[in-house]
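*Asks:* Predicted structure and sequence below. I'll ask about it afterward.
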Amino acid sequence: MKKIRAIIVIFIVAFLLFYFNLPVLNYGFLGLPIILLVLTIIGIILFTRLEVGKDKKVRLIEKPKKIFLITLGLLLFYIIVFPLFTSLPMFRSESYKNLIGKVADGTKISNHIAPISIDEIRVVDEALANLLGEKILGSQPALGSQVELGHFCVQKVGKDLYWVAPLLHSGFFKWMNNQEGTAGYVMVSATNERDVKLVQNIGGKDIKIKYQPEAFFGSQIERHLYFNGYATVGLTDYTFEIDDSGNPFWVATKYSKKIGFAGNDAIGIVVVDAQTGTMTDYEIAAAPKWVDRVQPIDFIEEQLNDWGNYVHGYWNFSNADKLQITEGLTLIYGENNKSYWYTGLTSVGKEESAVGFVLVDTRTKETTFYKQSGATEFAAQGSAEGKVQEKGYKSSLPIPYNINNIPTYVMTLKDDGGLVKMYAMVAISDYTIVGVGNSMREALTSFKSAYNMTGNKLNSSSLTNKKQLKSIVTRITNDVRNGNSFYYFTTKDYPNIFVGSSQISNQLPVTIVGDSIKISFDVDNEEVIDVSTFENRTMKNKNK
């Protein structure tokens, strides 16, 4: 009975360690030896008895072999039994469902994503950034033979959006010859594919990325952290980011296990200077403003799927009300330059239409669910590709934007070589509303035309941003691009430049300076504004 009670006590102690998630469980691979050591000590205390003989020698009454067997039994309990009760969704479905935190209900997604100028739309995806980065690296033969491009991450640098990738060692011997670090990083503008630069100098000082994944021994970034105070801390998602001054850093997410052996959840970050190796620890709320990602994409993806999957617990074989994310998570920027993980949600088994959309703050994990039906990213891609199916172009991953107060997927259409050939816009609410063009402005004009043809021009959200103007033309010129004529003009009573095509009105090609006109347009952030309607009042009066 005494031994049975001891086993029960050990079992309860170990179970409480897991269930209440004591810090020892987050000690990486050291967690197992620490737990094992604790349990072994407990086993020795409970299962052995010391006795002093007449010869004054201390003896163990119980055999050491028994201690070994007990410890082995406890280890089997640790790796088999405890995970079953502390980590399996079968027993902890509610904990998995709530790991994402409180999910707020949104009204209109256009209220969350700020309006944006077409000049600020992301037209370079990761694949194209890689092509452009390899091209500029190949133009430096001496450098290209020594290093390779790392993983590109999109991030805000000041007010501009860039893909940034470090230069990494391409092998052990290359590292041996260049242990002070690789010479810089590559920046590719996410809004302008011609803006590509190799950054090797900041403020007159050469950049040397000494600490990186492809280095060796103490310069390897994970090993550097491990041997400098983070051996017992869960770290993941090593992301290369630069601050607004261009200084390079590695940002690693600290995490803990919230549900026994599972339930990884971000609790902070460690920022490592890629040149000096200096480490700074931050809680989530105190993370520097230039750090875009605190919440790893795989953590959020898993937590969102768990939230949708365990809506009625684990035993829901009919899949009632189950939700799942669509194609994946996309990093987007909303109001006040905040970054979000964006994805659509579909009912399990239905992949063409979304029942809603989710935005998760990449720093705080604040989550908002917009319960409005629409097209999934996959459906939008198919719609855009179908518009130019004779060309065989492939769509990039759609990015959601607020275009003239219309939630819109924007994507590029690329040829087999990965080069951008056309642009496409698809309404999130209805993937049959598509606009394509050889430039972003052509795509916008085509999209607006398709949107208005469906009757959506009477949408109240569009009317609130519609403006009419009667004025005099002060300057007008035309521009022929890709076989299409566009007419740019200014007026006496409005500061912006207007543009329209003959598809808007056949009066535009014959309009001259001094003509009285009446136009309507959407109020947006554009310097050059597309007109929705155009009427030459001078010509109309002459014809009377």
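*Replies:* Looks like it arrived, so ask away.

*Asks:* measure the closest residue to Ile118 other than its chain neighbours to His224 for me?
*Replies:* The spatial neighbour of Ile118 that comes closest, neighbours along the chain excluded (Cβ to Cβ, 6 or more residues apart in numbering), is Met440 at 4.8 Å. The C-beta positions use only the backbone N, C-alpha and C, and glycine is treated the same way. With the distance defined as Cβ to Cβ, to the nearest Å, Met440 ends up 43 Å from His224.

*Asks:* and after the lowest-mean-pLDDT helix or strand in the chain, which helix or strand comes next?
*Replies:* Least confident element among the helices and strands of the chain, by mean pLDDT, DSSP states H and E: helix 460-463 (a mean of 44). Sequence-wise, the next helix or strand downstream of helix 460-463 (DSSP states H and E) is strand 466-481.

*Asks:* mind listing what's buried in that next one?
*Replies:* Using 16 or more other Cβ atoms under 10 Å as the test for burial, strand 466-481 gives 471, 473, 476.

*Asks:* Wait, Lys365 touches Gln295, no?
*Replies:* Yes: counting by Cβ atoms under 8 Å, Lys365 does reach Gln295; the two are 5.2 Å apart.

*Asks:* shared neighbours of these two, which are they?
*Replies:* Common neighbours of Lys365 and Gln295, counting by Cβ atoms under 8 Å, 6 or more residues apart in numbering, are Ala266.

*Asks:* residue ranges of the strands in the stretch 351-500 of the chain, please?
*Replies:* Per DSSP state E, counting those that start in this stretch, the stretch 351-500 of the chain carries strands over the ranges 353-354, 356-361, 367-370, 374-375, 394-395, 399-403, 406-414, 420-427, 434-437, 466-481, 484-491, 494-501.

*Asks:* which secondary structure elements does the second one contact?
*Replies:* Contact here means 3 or more Cβ pairs under 8 Å, 6 or more residues apart in numbering; DSSP states H and E; on that basis strand 356-361 packs against helix 297-309, strand 339-347, strand 367-370.

*Asks:* pLDDT score for the residue most central in space within the chain?
*Replies:* Nearest to the geometric centre of the chain sits Leu331, at 3.0 Å (Cα atoms, centre = their mean). For Leu331, the pLDDT comes out at 89.

*Asks:* Touching the host helix or strand of it from outside, list them.
*Replies:* Using DSSP H and E, Leu331 maps to strand 330-333. Strand 330-333 is touched from outside by 113, 154, 156, 161, 292-293, 297, 339-343, 359, 362, 377, 397-400, with contacts defined as Cβ under 8 Å, 6+ apart.

*Asks:* And stretch 142-149, by the same measure?
*Replies:* Contacts for stretch 142-149 (Cβ under 8 Å, 6+ apart): 130, 133-134, 137-138, 165-170, 174, 177-178, 182-183, 186, 214.

*Asks:* measure it end to end?
*Replies:* Counting by Cα to Cα, to the nearest Å, you get 14 Å between the two ends of stretch 142-149.

*Asks:* can you pull the buried residues of it?
*Replies:* Quick answer for stretch 142-149 (16+ other Cβ under 10 Å): 143-144, 146-149.

*Asks:* do stretch 120-133 as well
*Replies:* 121-126, 128-133.

*Asks:* Tell me who's in contact with the closest residue to Asp281 other than its chain neighbours.
*Replies:* Nearest non-adjacent residue to Asp281, counting by Cβ to Cβ, 6+ apart: Val270, 5.5 Å away. Contact analysis of Val270 by Cβ under 8 Å, 6+ apart lists 225, 230, 235, 251-252, 254, 279-282.

*Asks:* And the residues you listed, which is closest to Tyr451?
*Replies:* Val251 (39.8 Å; Cβ to Cβ).

*Asks:* Correct me if wrong: the closest one contacts Ile269.
*Replies:* Yes: Val251 is within contact range of Ile269, at 5.6 Å (criterion: Cβ under 8 Å).

*Asks:* Confirm Val154 sits in a strand?
*Replies:* Yes: per DSSP: H, G, I helix; E, B strand; the rest coil, Val154 lies within a strand segment.

*Asks:* Adjust the sequence numbering to begin at 652 for everything that follows.
*Replies:* In the new numbering, first residue 652, that becomes Val805.

*Asks:* doesn't Trp814 make contact with it?
*Replies:* Yes: look at Val805 against Trp814 with Cβ under 8 Å: they come within range, at 5.3 Å.
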